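**Q** Below are the sequence and a predicted model; questions follow.
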Amino acid sequence: MDYHETLTWLFDQETMGIKFGLENVTELLHRMGDPHKSFRSVHVAGTNGKGSVSAMTASVLGKAGYRTGLYTSPHLVDFRERMKVGGKDIGQKEMLRLAEEVRGHAEEMRSGSEKKRLTFFELTTAMAFAHFAREGAEMAVVEVGMGGRLDATNVIEPECCAITAISLEHTQYLGPTIRDIAGEKAGIIKPGVPVVTIDQSPEALEVFASIARQKTAPLKIVGADHGYELISSTLSGTGVYVEELGMNIEVPLVGSYQGANCALACGVLAELMGRGIYIPDEAIDQGMRYVKWPGRLDVVSWDPRLILDVTHTPAGAEAVSAEVERLVGSDVVLVLGVLADKDVRSIAASFGRIARRAIATAPRTKRAAAASATKEALRPHCPVEMVDDVGEAVEKALGAAGKEDTVLVTGSLYTVGEAMRWLNERKTRVGDTGQARA
């Protein structure tokens, strides 16, 4: 199969939907030589900020001299972004080879029983772990896909677990309350393995503390057990003082909430150091200073200012809209595309509040809310029109914005990914002078 055919086959496995459980992925990994047992790891769960915490932790470990893997999901532009070693996406040839390998195992397993049909996420998780093993990764930072307890990534035995802030998400799978969701996230806690979380709702912390006690896992709450202080938060990045390390740290990620994410990542690094993993202060400084995590309050151009953000939950939308308002004011040109299984009205209310005009759109996925539905959700809050294609919506928004204005593209990782693809394609069409190429 070529690259396109391979991706088509992989994504076709999404028709299995979401299936929780570890039995099938464990068998698949065993058939592949148990690659997940060849490297040390950090496991990161949560609702908001888990990707940022993962990226920060991996960046520091890389600067400390460890060959480091990073597994995150979903991707923005290219599937290969999900699996990195040494900061580099998996190569196309290696990705094709691993896909062919897992396909063979998947067909054998399914031939024995339909119950052993593997899902997209189980297949890609196995590919990532095999890639890390074969590339000689010494450490891997592994982001949970959904939940934690029965997520396919929960086969690893990490050096440390991290749980970011919890809010309501995927309630049809994880349960209707914060307590239910916290219980699923806390399923990554392993006996005797330290777990680090951020100070948050009492309901979530009570669940974490109870499960940590049951498993005799040391629990650290950053912000309560060890303090941190936000020093600066601008469009250039975030500065934070982390008490546990006694360091002022700068990250290029925008948003005051990145201070908490940075402090949480530092709490994880402190635990790793306590387990004999050498991480000098210089690695922490440089790893944080040069971390890359696109699509999170990501200022990708300045004339006009264009900000991309993948937030897709009501809590995330409220936080991001407040940050945008603080940083640039409440007069943005908004491009909003949301998935149908999200709370479109709440997300639209948060972003519509800071928009002088909006363009409702829809990413090219079966899961997307129709642009017309997003338009109706935005109508009570700001003037709104509808453009079905994300790239065309971004183009229209940029055309409507003055040089000093801000265009915000948000609502879904899929929406931001399509906006990035459109921007990349535009760069190939436009020369340095800004004129279209012949």
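**A** Looks like it arrived, so ask away. Numbers count the residues shown, from 1 in each chain.
**Q** So S233: helix, strand or coil?
**A** strand (DSSP: H, G, I helix; E, B strand; the rest coil).
**Q** And for it, the neighbour number?
**A** 20 (other C-beta atoms under 10 Å). Backbone N, C-alpha and C define where each C-beta goes, glycine included.
**Q** same deal with C161?
**A** With other C-beta under 10 Å as criterion, C161 counts 29.
**Q** Spell out which strands sit alongside the strand or helix carrying it in the sheet and which way each one runs.
**A** Following DSSP states H and E, one finds C161 within strand 160-163. Here strand 160-163 is paired, per DSSP bridges, with strand 40-45 (parallel), strand 195-198 (parallel).
**Q** Could you identify the helix or strand that succeeds the last one?
**A** Looking back up the chat, that one is strand 195-198. helix 202-214.
**Q** Any chance you could give me the next helix or strand after that following helix in PDB, C-alpha atoms only?
**A** The helix or strand immediately downstream of helix 202-214 is strand 219-222, counting by DSSP H and E. Only the C-alpha atoms of strand 219-222 are listed here, as PDB (Å, rounded to 0.1, in the frame of the first residue of the first chain):
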ATOM      1  CA  LEU A 219       0.300  11.900  45.200                       C
ATOM      2  CA  LYS A 220       1.600  15.400  44.700                       C
ATOM      3  CA  ILE A 221      -0.700  18.400  44.000                       C
ATOM      4  CA  VAL A 222       1.100  21.200  42.300                       C
END
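**Q** What is strand 219-222 packed up against?
**A** For strand 219-222, the packing partners by 3 or more C-beta pairs under 8 Å, 6 or more residues apart in numbering; DSSP states H and E come out as strand 195-198, helix 202-214, helix 258-274.
**Q** Show me what the longest helix seen in the chain packs onto, helices and strands only.
**A** Determined from DSSP state H, the single longest helix within the chain is helix 92-112. Packed against helix 92-112, as judged by 3+ C-beta pairs under 8 Å, 6+ apart, are the following elements: helix 3-12, helix 23-31, helix 120-134.
**Q** which residues sit against the first one?
**A** Here helix 3-12 makes contact (C-beta atoms under 8 Å, 6 or more residues apart in numbering) with M1, F79, Q92, M95, L96, A99, E100, R103, F120, L123, T124.
**Q** so which of the strands paired with strand 160-163 comes closest to T164?
**A** Within the strands paired with strand 160-163, the stretch nearest T164 is strand 195-198; the backing value is 6.3 Å (C-beta to C-beta).
**Q** and for the closest one, what are the contacting residues?
**A** By C-beta under 8 Å, 6+ apart, strand 195-198 touches 160-165, 186, 188-189, 204-205, 208, 212, 217-223, 260, 263-264, 267-268, 271.
**Q** swap the cut-off to 7 Å and go again
**A** With contacts defined as C-beta atoms under 7 Å, 6 or more residues apart in numbering, strand 195-198 is touched by 160-165, 189, 208, 212, 217, 219-223, 260, 264, 267-268, 271.
**Q** ok, now which ones touch G274?
**A** Shown in contact with G274 (C-beta under 7 Å, 6+ apart): no residues.
**Q** and it, what pLDDT?
**A** What the model reports for G274 is a pLDDT of 96.
**Q** and what of G316?
**A** At G316, pLDDT is 89.
**Q** what about T8, distance to A99?
**A** 11 Å (C-beta to C-beta, to the nearest Å).
**Q** the more surrounded of the two?
**A** More crowded of T8 and A99, by other C-beta under 10 Å: A99, with 21 against 11.
**Q** Name the nearest residue to the more buried one, sequence neighbours excluded.
**A** Nearest residue to A99 in three dimensions, chain neighbours excluded: T6, at 4.7 Å (C-beta to C-beta, 6 or more residues apart in numbering).
**Q** what pLDDT does that neighbour get?
**A** Reading off the model, T6 has pLDDT 89.
**Q** circling back to that earlier point, name the residues that touch the strand holding C161?
**A** 42-46, 53, 185-186, 188-190, 193-197, 208, 264, 268, 271-272.
**Q** residue closest to the middle of this structure?
**A** Centroid check for the chain by C-alpha atoms, centre = their mean gives G51 as the closest residue, at 3.6 Å.
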